[in-house]
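Enquirer: can you look at this prediction? I've put the sequence above it.
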Amino acid sequence: MCGIAGLFSKSTDVEERLGAHLSAMLSQLADRGPDSAGVALYRDPAPLGSCKVSLFSDDADAPWAHLSAELATELGGGDYEVRASHALFVVAAEPAQVQGWLRERHPELRVMSIGDRIEIYKEAVDPRDFVERFELADVSATHALGHTRMATESRVTTQHSHPFSTGLDLCLVHNGSLSNHNRLRMELRRRGIEFQTDNDTEVAAGYLTWRLSQGDDIETALRACLDDLDGFYTFAVGTADGFAVLRDPIACKPAVMAECDDWVAMASEYRAIAVLPGADEAELWEPEPGRVYSWERAKVA
Amino acid sequence: MGARAGPRVFLGAGEGSVSAAAVESVDLANTSVRDLNQRLHDLESGDPTHWRISNPNGAHALAVGLDAEIEVEIEGHVGYYCAGMNKLATVRVDGNCGTGVAENIMSGSVIVAGDASQSAGASGRGGLLVIRGSASARCGISMKGVDIVVHGSVGHVAGFMAQRGSLVVCGDAGQDLGDSIYETRIYVRGQVASLGADCVEKEMADEHRAELASLLEAGEASFDPGEFRRYGSARRLYNFNVDHAGEY
(Lines give C-alpha, C1' and ligand atoms only; values in the text may rest on other atoms or scores of the structure.)
Protein backbone atom coordinates (compact mmCIF):
# COMPACT_ATOMS: atom_id res chain seq x y z
CA MET A 1 0.00 0.00 0.00
CA CYS A 2 1.77 3.12 1.30
CA GLY A 3 0.45 6.66 1.28
CA ILE A 4 1.84 9.75 -0.40
CA ALA A 5 1.07 13.38 0.25
CA GLY A 6 2.38 16.54 -1.36
CA LEU A 7 1.41 20.11 -0.58
CA PHE A 8 2.50 23.28 -2.33
CA SER A 9 1.48 26.65 -0.92
CA LYS A 10 0.25 29.50 -3.09
CA SER A 11 -0.53 31.84 -0.17
CA THR A 12 1.36 32.98 2.93
CA ASP A 13 -1.45 31.64 5.15
CA VAL A 14 -0.94 28.12 3.85
CA GLU A 15 2.87 28.54 3.92
CA GLU A 16 2.81 29.50 7.60
CA ARG A 17 0.65 26.50 8.50
CA LEU A 18 2.03 24.02 5.99
CA GLY A 19 3.41 21.70 8.68
CA ALA A 20 0.01 21.46 10.36
CA HIS A 21 -1.72 20.78 7.03
CA LEU A 22 0.84 18.10 6.08
CA SER A 23 0.46 16.50 9.53
CA ALA A 24 -3.30 16.25 9.00
CA MET A 25 -2.73 14.70 5.56
CA LEU A 26 -0.26 12.11 6.90
CA SER A 27 -2.59 11.18 9.76
CA GLN A 28 -5.34 10.47 7.21
CA LEU A 29 -2.91 8.19 5.36
CA ALA A 30 -1.75 6.39 8.51
CA ASP A 31 -3.68 3.19 7.80
CA ARG A 32 -2.21 3.02 4.30
CA GLY A 33 1.25 2.91 5.89
CA PRO A 34 1.52 2.34 9.65
CA ASP A 35 5.14 1.07 9.53
CA SER A 36 6.92 4.37 9.15
CA ALA A 37 6.49 7.96 8.11
CA GLY A 38 8.63 10.73 6.70
CA VAL A 39 8.55 14.23 5.29
CA ALA A 40 10.65 16.48 3.12
CA LEU A 41 10.11 20.13 4.02
CA TYR A 42 11.26 22.99 1.81
CA ARG A 43 11.83 26.12 3.92
CA ASP A 44 14.29 28.74 5.18
CA PRO A 45 16.95 28.89 2.44
CA ALA A 46 20.51 28.61 3.74
CA PRO A 47 22.63 31.81 3.57
CA LEU A 48 24.79 32.24 0.47
CA GLY A 49 27.78 29.90 0.64
CA SER A 50 26.12 27.66 3.21
CA CYS A 51 24.01 24.53 2.96
CA LYS A 52 21.49 22.69 5.12
CA VAL A 53 22.15 19.09 6.17
CA SER A 54 19.59 16.76 7.77
CA LEU A 55 21.35 14.17 9.89
CA PHE A 56 19.96 11.07 11.59
CA SER A 57 21.54 9.26 14.51
CA ASP A 58 20.26 6.02 16.04
CA ASP A 59 22.00 7.04 19.27
CA ALA A 60 19.37 8.62 21.54
CA ASP A 61 22.09 10.80 23.11
CA ALA A 62 23.69 11.87 19.86
CA PRO A 63 26.43 14.43 20.63
CA TRP A 64 24.98 17.11 18.34
CA ALA A 65 26.59 19.99 20.35
CA HIS A 66 29.98 18.38 19.95
CA LEU A 67 29.42 17.96 16.22
CA SER A 68 28.38 21.60 15.98
CA ALA A 69 31.61 22.76 17.62
CA GLU A 70 33.64 20.53 15.28
CA LEU A 71 31.85 21.88 12.20
CA ALA A 72 32.32 25.49 13.38
CA THR A 73 36.07 24.97 13.74
CA GLU A 74 36.71 22.93 10.61
CA LEU A 75 34.13 24.08 8.00
CA GLY A 76 32.34 27.11 9.43
CA GLY A 77 28.77 27.60 10.57
CA GLY A 78 27.39 24.71 12.59
CA ASP A 79 24.10 26.17 13.83
CA TYR A 80 21.70 23.34 14.45
CA GLU A 81 18.21 22.42 15.53
CA VAL A 82 17.31 19.01 16.98
CA ARG A 83 14.06 17.36 15.91
CA ALA A 84 13.60 13.96 17.61
CA SER A 85 16.22 11.55 16.19
CA HIS A 86 17.33 14.07 13.58
CA ALA A 87 19.24 17.34 13.62
CA LEU A 88 19.37 20.02 10.96
CA PHE A 89 22.73 21.74 10.57
CA VAL A 90 23.59 24.86 8.59
CA VAL A 91 27.21 24.58 7.46
CA ALA A 92 29.25 27.32 5.76
CA ALA A 93 30.71 25.10 3.04
CA GLU A 94 29.84 23.50 -0.28
CA PRO A 95 27.56 20.44 -0.06
CA ALA A 96 30.17 18.09 -1.56
CA GLN A 97 32.74 19.26 0.98
CA VAL A 98 30.30 18.75 3.85
CA GLN A 99 29.37 15.28 2.61
CA GLY A 100 33.02 14.28 2.27
CA TRP A 101 33.84 15.59 5.73
CA LEU A 102 30.90 13.78 7.33
CA ARG A 103 31.72 10.50 5.58
CA GLU A 104 35.29 10.64 6.83
CA ARG A 105 34.76 11.98 10.34
CA HIS A 106 31.29 10.73 11.27
CA PRO A 107 30.44 7.59 9.30
CA GLU A 108 27.99 6.68 12.11
CA LEU A 109 25.67 9.52 11.04
CA ARG A 110 23.22 9.21 8.15
CA VAL A 111 22.87 12.17 5.82
CA MET A 112 19.12 12.23 5.09
CA SER A 113 19.21 15.29 2.85
CA ILE A 114 21.46 18.13 1.81
CA GLY A 115 20.73 21.31 -0.07
CA ASP A 116 19.69 24.93 0.11
CA ARG A 117 16.11 24.44 1.38
CA ILE A 118 15.36 20.75 1.92
CA GLU A 119 14.96 19.09 5.33
CA ILE A 120 14.12 15.37 5.52
CA TYR A 121 12.81 13.74 8.69
CA LYS A 122 11.67 10.12 8.90
CA GLU A 123 11.21 7.44 11.48
CA ALA A 124 9.91 3.87 11.80
CA VAL A 125 6.87 4.83 13.88
CA ASP A 126 3.15 5.22 13.27
CA PRO A 127 2.51 8.36 11.19
CA ARG A 128 0.28 9.88 13.89
CA ASP A 129 3.08 9.49 16.44
CA PHE A 130 5.60 10.74 13.91
CA VAL A 131 3.92 14.11 13.37
CA GLU A 132 3.75 14.61 17.16
CA ARG A 133 7.30 13.48 17.86
CA PHE A 134 8.77 15.72 15.17
CA GLU A 135 6.50 18.66 16.12
CA LEU A 136 5.53 19.19 12.50
CA ALA A 137 2.40 21.16 13.32
CA ASP A 138 4.48 24.25 14.14
CA VAL A 139 6.56 24.21 10.96
CA SER A 140 6.17 26.62 8.06
CA ALA A 141 7.30 25.65 4.57
CA THR A 142 6.74 26.66 0.97
CA HIS A 143 6.06 23.05 -0.03
CA ALA A 144 6.53 19.57 1.31
CA LEU A 145 6.16 15.88 0.56
CA GLY A 146 5.19 13.16 2.99
CA HIS A 147 4.99 9.38 3.02
CA THR A 148 3.45 6.63 5.12
CA ARG A 149 4.97 3.20 4.54
CA MET A 150 3.55 -0.30 4.52
CA ALA A 151 6.73 -2.25 3.90
CA THR A 152 6.57 -4.96 1.24
CA GLU A 153 10.05 -5.69 -0.06
CA SER A 154 12.61 -4.60 2.53
CA ARG A 155 12.98 -4.05 6.25
CA VAL A 156 11.13 -1.58 8.45
CA THR A 157 13.81 0.80 9.64
CA THR A 158 14.27 4.55 9.60
CA GLN A 159 16.85 4.14 6.82
CA HIS A 160 14.34 2.21 4.70
CA SER A 161 11.70 4.91 5.18
CA HIS A 162 10.78 7.54 2.63
CA PRO A 163 11.48 10.24 1.41
CA PHE A 164 14.78 9.25 -0.18
CA SER A 165 17.19 12.01 -1.10
CA THR A 166 18.02 12.03 -4.80
CA GLY A 167 20.56 14.83 -4.80
CA LEU A 168 20.80 18.44 -3.70
CA ASP A 169 17.33 19.66 -2.67
CA LEU A 170 15.77 16.63 -4.35
CA CYS A 171 13.81 13.77 -2.88
CA LEU A 172 11.47 10.96 -3.88
CA VAL A 173 8.48 9.29 -2.27
CA HIS A 174 6.99 6.17 -3.79
CA ASN A 175 3.88 4.04 -3.56
CA GLY A 176 4.35 0.73 -5.30
CA SER A 177 7.13 -1.75 -5.87
CA LEU A 178 9.86 -2.07 -8.48
CA SER A 179 10.84 -5.46 -9.89
CA ASN A 180 14.11 -4.63 -11.67
CA HIS A 181 15.76 -2.77 -8.79
CA ASN A 182 18.57 -5.26 -8.12
CA ARG A 183 19.93 -5.16 -11.65
CA LEU A 184 19.43 -1.41 -11.92
CA ARG A 185 21.23 -0.89 -8.59
CA MET A 186 24.24 -2.82 -9.94
CA GLU A 187 24.32 -0.71 -13.09
CA LEU A 188 23.99 2.56 -11.18
CA ARG A 189 26.73 1.55 -8.73
CA ARG A 190 29.04 1.05 -11.70
CA ARG A 191 28.19 4.62 -12.71
CA GLY A 192 29.17 5.91 -9.27
CA ILE A 193 25.79 6.22 -7.55
CA GLU A 194 25.93 5.21 -3.86
CA PHE A 195 23.19 3.24 -2.06
CA GLN A 196 22.66 2.92 1.67
CA THR A 197 20.00 0.17 1.70
CA ASP A 198 18.54 -2.70 -0.34
CA ASN A 199 15.31 -0.74 -0.80
CA ASP A 200 13.70 -0.54 -4.26
CA THR A 201 12.67 3.11 -3.93
CA GLU A 202 16.23 4.13 -3.16
CA VAL A 203 17.13 2.69 -6.58
CA ALA A 204 14.52 4.91 -8.24
CA ALA A 205 15.95 7.85 -6.31
CA GLY A 206 19.48 6.87 -7.41
CA TYR A 207 18.27 6.52 -10.99
CA LEU A 208 16.87 10.07 -10.92
CA THR A 209 20.10 11.33 -9.36
CA TRP A 210 22.04 9.75 -12.22
CA ARG A 211 19.73 11.13 -14.93
CA LEU A 212 19.95 14.63 -13.44
CA SER A 213 23.76 14.36 -13.28
CA GLN A 214 23.66 13.63 -17.04
CA GLY A 215 21.94 16.94 -17.65
CA ASP A 216 18.26 15.92 -17.62
CA ASP A 217 15.73 18.26 -16.07
CA ILE A 218 13.34 16.68 -13.59
CA GLU A 219 10.53 16.17 -16.12
CA THR A 220 12.84 14.47 -18.65
CA ALA A 221 14.33 12.30 -15.92
CA LEU A 222 10.87 11.21 -14.79
CA ARG A 223 9.78 10.43 -18.34
CA ALA A 224 12.86 8.21 -18.68
CA CYS A 225 11.56 6.18 -15.71
CA LEU A 226 8.75 4.97 -17.97
CA ASP A 227 11.32 3.10 -20.08
CA ASP A 228 13.83 1.99 -17.48
CA LEU A 229 11.83 1.14 -14.36
CA ASP A 230 9.84 -2.08 -14.26
CA GLY A 231 7.09 -2.26 -11.67
CA PHE A 232 4.28 -0.32 -10.08
CA TYR A 233 4.69 3.23 -8.94
CA THR A 234 3.18 6.52 -8.13
CA PHE A 235 6.14 8.84 -7.59
CA ALA A 236 6.23 12.30 -6.11
CA VAL A 237 9.51 14.18 -6.50
CA GLY A 238 10.34 17.25 -4.45
CA THR A 239 12.58 19.97 -5.86
CA ALA A 240 13.83 23.29 -4.44
CA ASP A 241 11.00 25.08 -6.26
CA GLY A 242 8.13 22.61 -6.33
CA PHE A 243 7.17 19.03 -6.93
CA ALA A 244 6.37 16.60 -9.72
CA VAL A 245 4.15 13.52 -9.91
CA LEU A 246 4.30 10.45 -12.16
CA ARG A 247 2.19 7.28 -12.23
CA ASP A 248 3.29 4.16 -14.10
CA PRO A 249 1.45 3.45 -17.37
CA ILE A 250 -0.68 0.68 -15.81
CA ALA A 251 -1.72 3.04 -12.98
CA CYS A 252 -2.19 0.37 -10.33
CA LYS A 253 -1.33 2.78 -7.54
CA PRO A 254 -3.78 5.55 -6.74
CA ALA A 255 -3.28 9.30 -6.85
CA VAL A 256 -5.55 12.30 -6.57
CA MET A 257 -4.58 15.88 -7.28
CA ALA A 258 -6.31 19.08 -6.30
CA GLU A 259 -5.72 22.76 -6.86
CA CYS A 260 -7.32 25.93 -5.56
CA ASP A 261 -6.24 29.56 -5.17
CA ASP A 262 -4.23 28.84 -2.02
CA TRP A 263 -2.57 25.48 -2.65
CA VAL A 264 -1.83 22.53 -4.90
CA ALA A 265 -2.00 19.08 -3.34
CA MET A 266 -1.52 15.46 -4.31
CA ALA A 267 -2.30 12.42 -2.22
CA SER A 268 -2.94 8.72 -2.53
CA GLU A 269 -6.56 9.32 -1.58
CA TYR A 270 -8.98 12.21 -1.44
CA ARG A 271 -9.52 11.83 2.31
CA ALA A 272 -6.00 13.22 2.80
CA ILE A 273 -6.93 16.27 0.71
CA ALA A 274 -10.34 16.70 2.40
CA VAL A 275 -8.55 17.98 5.54
CA LEU A 276 -7.17 21.02 3.68
CA PRO A 277 -8.96 24.40 3.90
CA GLY A 278 -11.22 24.90 0.90
CA ALA A 279 -10.93 21.29 -0.33
CA ASP A 280 -14.66 21.23 -1.12
CA GLU A 281 -14.20 23.95 -3.71
CA ALA A 282 -10.87 22.80 -5.15
CA GLU A 283 -10.51 21.49 -8.68
CA LEU A 284 -10.01 17.76 -8.28
CA TRP A 285 -8.66 15.18 -10.71
CA GLU A 286 -6.88 11.87 -11.03
CA PRO A 287 -3.49 12.17 -12.74
CA GLU A 288 -3.33 10.24 -16.00
CA PRO A 289 -1.03 7.22 -16.24
CA GLY A 290 2.44 7.86 -17.64
CA ARG A 291 2.12 11.65 -17.62
CA VAL A 292 4.40 13.99 -15.65
CA TYR A 293 2.66 16.72 -13.64
CA SER A 294 4.79 19.45 -12.06
CA TRP A 295 4.50 22.70 -10.16
CA GLU A 296 7.20 25.28 -9.63
CA ARG A 297 7.08 28.51 -7.72
CA ALA A 298 8.06 30.54 -10.79
CA LYS A 299 5.25 29.01 -12.85
CA VAL A 300 2.63 29.71 -10.23
CA ALA A 301 3.69 33.21 -9.21
CA MET B 1 -32.36 -5.01 -14.57
CA GLY B 2 -31.44 -6.98 -11.48
CA ALA B 3 -34.44 -9.29 -11.77
CA ARG B 4 -32.77 -12.02 -9.73
CA ALA B 5 -32.29 -9.87 -6.65
CA GLY B 6 -35.23 -10.34 -4.31
CA PRO B 7 -36.07 -7.71 -1.73
CA ARG B 8 -35.32 -8.69 1.89
CA VAL B 9 -37.46 -5.90 3.27
CA PHE B 10 -40.13 -4.17 1.28
CA LEU B 11 -40.03 -0.43 1.78
CA GLY B 12 -42.17 1.10 -0.94
CA ALA B 13 -41.89 4.87 -1.08
CA GLY B 14 -45.04 6.53 0.21
CA GLU B 15 -46.25 3.40 1.99
CA GLY B 16 -46.54 2.95 5.73
CA SER B 17 -46.50 5.82 8.16
CA VAL B 18 -43.48 7.66 6.72
CA SER B 19 -44.23 10.31 4.15
CA ALA B 20 -42.14 10.35 0.99
CA ALA B 21 -40.79 13.75 1.97
CA ALA B 22 -39.23 12.58 5.24
CA VAL B 23 -35.46 12.63 4.94
CA GLU B 24 -33.13 11.06 7.48
CA SER B 25 -29.92 13.10 7.72
CA VAL B 26 -26.64 11.59 8.88
CA ASP B 27 -23.55 13.75 9.39
CA LEU B 28 -20.35 11.72 9.10
CA ALA B 29 -18.56 14.43 11.06
CA ASN B 30 -20.16 12.87 14.15
CA THR B 31 -21.23 9.37 13.02
CA SER B 32 -18.93 6.50 12.08
CA VAL B 33 -19.23 4.81 8.70
CA ARG B 34 -19.85 1.53 10.49
CA ASP B 35 -22.79 2.98 12.43
CA LEU B 36 -24.26 4.49 9.27
CA ASN B 37 -23.97 1.24 7.31
CA GLN B 38 -25.42 -0.75 10.20
CA ARG B 39 -28.45 1.53 10.33
CA LEU B 40 -28.91 1.14 6.57
CA HIS B 41 -28.65 -2.66 6.90
CA ASP B 42 -31.10 -2.85 9.82
CA LEU B 43 -33.97 -1.02 8.11
CA GLU B 44 -37.44 -2.31 8.77
CA SER B 45 -40.79 -1.45 7.32
CA GLY B 46 -41.77 2.07 8.37
CA ASP B 47 -38.17 3.29 8.67
CA PRO B 48 -37.03 6.27 6.58
CA THR B 49 -36.69 5.55 2.88
CA HIS B 50 -34.74 8.66 2.00
CA TRP B 51 -31.31 9.28 3.51
CA ARG B 52 -28.97 12.22 3.15
CA ILE B 53 -25.30 11.77 4.15
CA SER B 54 -23.14 14.84 4.73
CA ASN B 55 -19.37 15.25 5.24
CA PRO B 56 -18.25 12.03 3.54
CA ASN B 57 -14.74 13.54 3.10
CA GLY B 58 -13.47 10.65 1.04
CA ALA B 59 -14.48 7.93 3.52
CA HIS B 60 -14.36 4.34 2.26
CA ALA B 61 -17.18 1.79 2.01
CA LEU B 62 -20.07 4.24 2.33
CA ALA B 63 -23.56 2.78 1.81
CA VAL B 64 -22.15 -0.66 1.07
CA GLY B 65 -24.30 -3.77 1.01
CA LEU B 66 -27.69 -2.03 0.88
CA ASP B 67 -30.63 -4.35 0.35
CA ALA B 68 -33.78 -2.23 0.38
CA GLU B 69 -35.65 0.10 -1.93
CA ILE B 70 -34.34 3.31 -0.40
CA GLU B 71 -32.72 6.43 -1.76
CA VAL B 72 -29.38 7.54 -0.33
CA GLU B 73 -27.84 10.90 -1.26
CA ILE B 74 -24.22 11.52 -0.36
CA GLU B 75 -23.22 15.17 -0.36
CA GLY B 76 -19.55 15.28 -1.34
CA HIS B 77 -16.60 13.16 -2.47
CA VAL B 78 -16.38 9.53 -1.36
CA GLY B 79 -13.51 7.04 -1.04
CA TYR B 80 -13.27 3.42 -2.13
CA TYR B 81 -16.09 0.93 -2.82
CA CYS B 82 -19.00 3.30 -2.31
CA ALA B 83 -22.34 1.51 -2.82
CA GLY B 84 -20.59 -1.80 -3.34
CA MET B 85 -22.83 -4.87 -3.66
CA ASN B 86 -25.86 -2.60 -3.92
CA LYS B 87 -29.30 -4.26 -4.14
CA LEU B 88 -32.50 -2.33 -4.88
CA ALA B 89 -31.33 1.01 -3.44
CA THR B 90 -30.69 4.19 -5.38
CA VAL B 91 -27.42 5.82 -4.26
CA ARG B 92 -26.55 9.30 -5.51
CA VAL B 93 -23.07 10.74 -4.96
CA ASP B 94 -22.88 14.51 -5.34
CA GLY B 95 -19.12 14.45 -5.89
CA ASN B 96 -16.29 12.21 -7.07
CA CYS B 97 -15.70 8.56 -6.19
CA GLY B 98 -12.53 6.64 -5.36
CA THR B 99 -11.74 3.12 -6.52
CA GLY B 100 -14.50 0.60 -7.14
CA VAL B 101 -17.76 2.56 -6.92
CA ALA B 102 -20.73 0.16 -7.19
CA GLU B 103 -18.38 -2.80 -7.21
CA ASN B 104 -20.41 -5.98 -7.64
CA ILE B 105 -23.69 -4.06 -7.82
CA MET B 106 -26.60 -6.54 -7.95
CA SER B 107 -29.55 -4.24 -8.72
CA GLY B 108 -30.79 -0.71 -8.10
CA SER B 109 -28.95 2.39 -9.29
CA VAL B 110 -25.80 4.28 -8.41
CA ILE B 111 -25.51 7.78 -9.87
CA VAL B 112 -22.26 9.74 -9.57
CA ALA B 113 -22.38 13.48 -10.27
CA GLY B 114 -18.60 13.82 -10.70
CA ASP B 115 -15.74 11.55 -11.79
CA ALA B 116 -15.06 7.98 -10.72
CA SER B 117 -11.63 6.46 -10.14
CA GLN B 118 -10.58 3.05 -11.37
CA SER B 119 -12.64 -0.17 -11.44
CA ALA B 120 -16.03 1.57 -11.42
CA GLY B 121 -18.80 -1.04 -11.53
CA ALA B 122 -16.28 -3.88 -11.36
CA SER B 123 -17.91 -7.34 -11.57
CA GLY B 124 -21.40 -5.79 -11.31
CA ARG B 125 -24.17 -8.34 -11.83
CA GLY B 126 -27.16 -6.09 -12.41
CA GLY B 127 -28.61 -2.64 -11.91
CA LEU B 128 -27.41 0.63 -13.36
CA LEU B 129 -24.29 2.72 -12.73
CA VAL B 130 -24.31 6.27 -14.12
CA ILE B 131 -21.19 8.44 -14.03
CA ARG B 132 -21.88 12.01 -15.13
CA GLY B 133 -18.18 12.83 -15.27
CA SER B 134 -15.46 10.49 -16.47
CA ALA B 135 -14.18 7.17 -15.17
CA SER B 136 -10.49 6.24 -15.07
CA ALA B 137 -8.88 2.86 -15.69
CA ARG B 138 -10.62 -0.53 -15.70
CA CYS B 139 -14.21 0.76 -15.75
CA GLY B 140 -16.59 -2.22 -15.91
CA ILE B 141 -13.84 -4.79 -15.45
CA SER B 142 -15.39 -8.29 -15.38
CA MET B 143 -18.91 -6.84 -15.43
CA LYS B 144 -21.53 -9.58 -15.39
CA GLY B 145 -24.85 -7.91 -16.15
CA VAL B 146 -24.69 -4.35 -14.82
CA ASP B 147 -25.40 -1.50 -17.24
CA ILE B 148 -22.89 1.36 -17.03
CA VAL B 149 -23.43 4.78 -18.63
CA VAL B 150 -20.48 7.19 -18.52
CA HIS B 151 -21.26 10.71 -19.73
CA GLY B 152 -17.54 11.50 -20.11
CA SER B 153 -14.60 9.28 -21.03
CA VAL B 154 -13.13 6.07 -19.66
CA GLY B 155 -9.45 5.19 -19.08
CA HIS B 156 -7.49 2.18 -20.21
CA VAL B 157 -8.69 -1.45 -20.18
CA ALA B 158 -12.37 -0.57 -19.76
CA GLY B 159 -14.57 -3.64 -20.02
CA PHE B 160 -11.71 -6.09 -19.47
CA MET B 161 -13.18 -9.63 -19.50
CA ALA B 162 -16.66 -8.10 -19.48
CA GLN B 163 -19.25 -10.88 -19.58
CA ARG B 164 -22.77 -9.43 -19.64
CA GLY B 165 -24.54 -6.07 -19.54
CA SER B 166 -23.74 -2.92 -21.49
CA LEU B 167 -21.07 -0.25 -21.17
CA VAL B 168 -21.96 3.12 -22.72
CA VAL B 169 -19.21 5.72 -23.09
CA CYS B 170 -20.35 9.13 -24.32
CA GLY B 171 -16.79 10.45 -24.55
CA ASP B 172 -13.56 8.66 -25.50
CA ALA B 173 -12.18 5.28 -24.44
CA GLY B 174 -8.54 4.66 -23.46
CA GLN B 175 -6.20 1.89 -24.58
CA ASP B 176 -7.20 -1.78 -24.79
CA LEU B 177 -10.95 -1.32 -24.67
CA GLY B 178 -12.81 -4.59 -24.10
CA ASP B 179 -9.73 -6.78 -23.78
CA SER B 180 -10.73 -10.47 -23.65
CA ILE B 181 -14.39 -9.48 -23.64
CA TYR B 182 -17.21 -12.07 -23.59
CA GLU B 183 -20.81 -10.97 -24.23
CA THR B 184 -20.95 -7.39 -22.93
CA ARG B 185 -21.97 -4.77 -25.49
CA ILE B 186 -19.82 -1.65 -25.51
CA TYR B 187 -21.04 1.60 -27.12
CA VAL B 188 -18.58 4.49 -27.57
CA ARG B 189 -19.44 7.90 -28.99
CA GLY B 190 -15.92 9.35 -29.20
CA GLN B 191 -12.47 8.04 -30.09
CA VAL B 192 -11.15 4.64 -29.00
CA ALA B 193 -7.40 4.79 -28.33
CA SER B 194 -7.07 1.07 -29.08
CA LEU B 195 -9.07 -2.15 -28.84
CA GLY B 196 -7.90 -4.96 -26.55
CA ALA B 197 -7.41 -8.59 -27.53
CA ASP B 198 -10.40 -10.11 -29.36
CA CYS B 199 -12.48 -6.90 -29.15
CA VAL B 200 -13.81 -5.69 -32.51
CA GLU B 201 -16.16 -3.08 -33.85
CA LYS B 202 -19.56 -4.54 -34.69
CA GLU B 203 -22.55 -3.53 -36.73
CA MET B 204 -25.10 -1.19 -35.14
CA ALA B 205 -28.43 -2.86 -35.92
CA ASP B 206 -31.84 -1.48 -35.00
CA GLU B 207 -31.95 -3.63 -31.85
CA HIS B 208 -28.66 -2.06 -30.69
CA ARG B 209 -29.85 1.47 -31.42
CA ALA B 210 -33.00 0.73 -29.44
CA GLU B 211 -31.06 -0.74 -26.52
CA LEU B 212 -28.65 2.20 -26.55
CA ALA B 213 -31.50 4.71 -26.66
CA SER B 214 -33.07 3.18 -23.56
CA LEU B 215 -29.70 3.08 -21.77
CA LEU B 216 -29.03 6.74 -22.59
CA GLU B 217 -32.47 7.63 -21.31
CA ALA B 218 -31.98 5.63 -18.10
CA GLY B 219 -28.60 7.29 -17.66
CA GLU B 220 -29.99 10.78 -18.39
CA ALA B 221 -27.42 11.26 -21.14
CA SER B 222 -28.93 13.27 -23.99
CA PHE B 223 -26.91 12.01 -26.95
CA ASP B 224 -28.04 10.69 -30.31
CA PRO B 225 -27.61 6.88 -30.50
CA GLY B 226 -26.61 7.39 -34.12
CA GLU B 227 -23.33 8.96 -32.98
CA PHE B 228 -22.13 5.76 -31.27
CA ARG B 229 -20.17 2.76 -32.49
CA ARG B 230 -20.61 -0.71 -31.03
CA TYR B 231 -17.81 -3.02 -29.90
CA GLY B 232 -17.89 -6.60 -28.72
CA SER B 233 -16.17 -9.96 -28.75
CA ALA B 234 -14.87 -11.53 -31.95
CA ARG B 235 -15.03 -14.83 -30.01
CA ARG B 236 -11.68 -15.99 -31.35
CA LEU B 237 -9.80 -16.52 -28.10
CA TYR B 238 -8.94 -19.99 -26.76
CA ASN B 239 -11.95 -20.17 -24.45
CA PHE B 240 -14.37 -19.63 -27.36
CA ASN B 241 -13.05 -22.62 -29.33
CA VAL B 242 -15.19 -25.69 -28.73
CA ASP B 243 -12.31 -27.93 -29.78
CA HIS B 244 -10.68 -27.11 -26.45
CA ALA B 245 -13.68 -28.28 -24.44
CA GLY B 246 -12.51 -31.90 -24.49
CA GLU B 247 -9.15 -31.05 -22.97
CA TYR B 248 -10.56 -30.96 -19.43
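Expert: Nice, thanks for sending it over.

Enquirer: three-state assignment of the closest residue to chain A within chain B?
Expert: As assessed by Cβ to the nearest Cβ, chain A sits closest to B:Gly58 within chain B, at 3.2 Å. In this view, the C-beta of every residue, glycine as well, is placed from N, C-alpha and C. Here B:Gly58 is recorded as coil under DSSP: H, G, I helix; E, B strand; the rest coil.

Enquirer: same question, A:Tyr207
Expert: helix.

Enquirer: and stretch A:64-81, how far out from the chain's middle?
Expert: Stretch A:64-81 sits 24 Å away from the centroid of its parent chain (Cα atoms, centre = their mean, to the nearest Å).

Enquirer: rewinding a little: identify the residues contacting the residue of chain B closest to chain A.
Expert: Neighbouring residues of B:Gly58 by Cβ atoms under 8 Å, 6 or more residues apart in numbering or on different chains: A:Glu269, A:Tyr270, A:Arg271, A:Ala272, A:Ile273, A:Ala274, B:His77, B:Val78, B:Gly79, B:Gly98.

Enquirer: and with 7 Å instead?
Expert: Contacts of B:Gly58 were listed using Cβ atoms under 7 Å, 6 or more residues apart in numbering or on different chains, and they are A:Glu269, A:Tyr270, A:Arg271, A:Ala274, B:His77, B:Val78, B:Gly79, B:Gly98.

Enquirer: which one of the residues you listed is nearest to B:Ser25?
Expert: Of all the contacts of B:Gly58, B:Ser25 sits closest to B:Val78, with 16.6 Å by Cβ to Cβ.

Enquirer: beta partners for that closest one?
Expert: On the basis of DSSP bridges, B:Val78 is bridged to B:Cys97.

Enquirer: would you check that B:Gln118 makes contact with B:Thr99?
Expert: Yes. Using Cβ atoms under 7 Å, B:Gln118 is in contact with B:Thr99, at 5.4 Å.

Enquirer: who's more crowded, those two?
Expert: Remark: of B:Gln118 and B:Thr99, B:Gln118 carries more neighbours, 25 against 21, as counted by other Cβ atoms under 10 Å in any protein chain shown.

Enquirer: before we move on, back to that, residues near the closest residue to the residue of chain B closest to chain A other than its chain neighbours, how many?
Expert: Leaving out its chain neighbours, the residue that sits closest to B:Gly58 by Cβ to Cβ, 6 or more residues apart in numbering or on different chains is A:Arg271, at 3.2 Å. If you count neighbours by other Cβ under 10 Å, A:Arg271 ends up with 25.

Enquirer: show me what contacts A:Ala272?
Expert: The neighbourhood of A:Ala272, defined by Cβ under 7 Å, 6+ apart, consists of A:Gly3, A:Ala5, A:Met25, A:Gln28, A:Leu29.

Enquirer: what are the phi and psi angles of it?
Expert: Main-chain torsions, A:Ala272, degrees, to the nearest 10: phi -80, psi -20.

Enquirer: how much space between it and A:His106?
Expert: As defined by Cβ to Cβ, to the nearest Å, A:Ala272 lies at a distance of 36 Å from A:His106.

Enquirer: repeat that for A:Ala24.
Expert: 35 Å.

Enquirer: the closest residue to A:Thr234 other than its chain neighbours - how many residues pack around it?
Expert: Residue nearest to A:Thr234 in three dimensions, not counting chain neighbours: A:Lys253, with 4.2 Å by Cβ to Cβ, 6+ apart. A:Lys253 is flanked by 20 other residues according to other Cβ under 10 Å.

Enquirer: give me the buried positions along the helix or strand hosting A:Leu67.
Expert: Assigned by DSSP states H and E, A:Leu67 belongs to helix A:64-74. By 16 or more other Cβ atoms under 10 Å in any protein chain shown, the buried positions in helix A:64-74 come out as A:Trp64, A:Leu67, A:Ser68, A:Leu71.

Enquirer: what's near enough to touch the residue nearest to B:Gly58?
Expert: A:Arg271 neighbours (Cβ under 7 Å, 6+ apart): A:Gln28, B:Asn57, B:Gly58, B:Ala59, B:Gly79.

Enquirer: A:Gly3 now?
Expert: A:Gly3 makes contacts with A:Leu29, A:Arg32, A:Gly33, A:His147, A:Thr148, A:Asn175, A:Ser268, A:Ala272, as judged by Cβ under 7 Å, 6+ apart.
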